[in-house]
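# give me a 3D structure for the following:
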Amino acid sequence: MKRWLDRSVPAQAVLLLLLVAGATKLIRPELSTPHWLVQSVVWTAFAMVFVLIRRRQDRSAMGGASAGEHVSVERKLRRCQIPEDPRERESMRRLVAYRRRQMTRYAWTLVPLFAVLVLLPVVWAVQGVWTTAVLWLLFGLVFGSWVFSARRHNLSRVRHMDEALRAADRVPAGVGRRAHHA
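Numbering: from 1, shown residues only. Here you go, the predicted model:
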């Protein structure tokens, strides 16, 4: 199923729609069914635009890689595997360099994200909407922790893969190439 989700943008959109619809109904139970459904569709569409833009930018950074090559390189990057194919390895090298630049260049975006996650519950608490404030605060704590942890893990993985790709260039062809990452 994971492989199917990697390759299928519509499947990702449906899964995201279900998650957003559930979260919207949980956070805003007073909304009518059509309202929260429309709101869920709008938020899902907004998120999917970002997913599609990121994929296009990744493929462009990889030197115009195909969608299939992008998925393959992405999977190998997640598994810390060095591609055997020199062309795929070059694509991974470019993707790793691009991701590393992006993660360091846009680190400042975490500050406004965390500000929103903290300020919204405060606003709702001041308005007396305690259930929404508490739920959003819990969501903010979980989501903020996940974002921080995922960023740290991905930055570590990208740094490690950058080093492993450099080391793999010094290893003769045919020798197993797997980057060991904690």
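# what segments of the chain are helices?
Assigned by DSSP state H, the chain shows helices spanning 2-7, 9-27, 33-61, 67-78, 86-105, 110-126, 130-169.
# tell me what the fifth one is packed against?
With contacts defined as 3 or more CB pairs under 8 Å, 6 or more residues apart in numbering; DSSP states H and E, helix 86-105 has these neighbours: helix 33-61, helix 67-78, helix 130-169. Quick note: C-beta positions are derived from backbone N, CA and C, even for glycine.
# taking the mean pLDDT, what do you get for the first one?
Summarised as a single mean, pLDDT over helix 33-61 is 91.
# just the buried positions in it, please.
36, 39-40, 43-44, 47-48, 58-59, 61 (16 or more other CB atoms under 10 Å).
# distance to residue 106 for the helices and strands packed on helix 86-105 - can I get that in CSV?
Listed next are those as CSV, based on distance: least, CB to CB, whole Å:
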stretch, distance to residue 106
helix 33-61, 12
helix 67-78, 19
helix 130-169, 10
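# re the thing from before, could you work out the most separated pair of the buried residues of helix 33-61?
The span of those, defined through CB to CB, is set by 36 and 61 at 37.0 Å.
# quick one, phi/psi of residue 30?
phi -80, psi -10 (degrees, to the nearest 10).
# what's residue 98 in contact with, if anything?
If you count contacts by CB atoms under 8 Å, 6 or more residues apart in numbering, residue 98 has them with 57-58, 61-62.
# name the residues that touch stretch 62-79?
With CB under 8 Å, 6+ apart, stretch 62-79 has contacts from 3, 6-7, 55, 58-59, 82-83, 88, 90-92, 94-96, 98, 157, 161.
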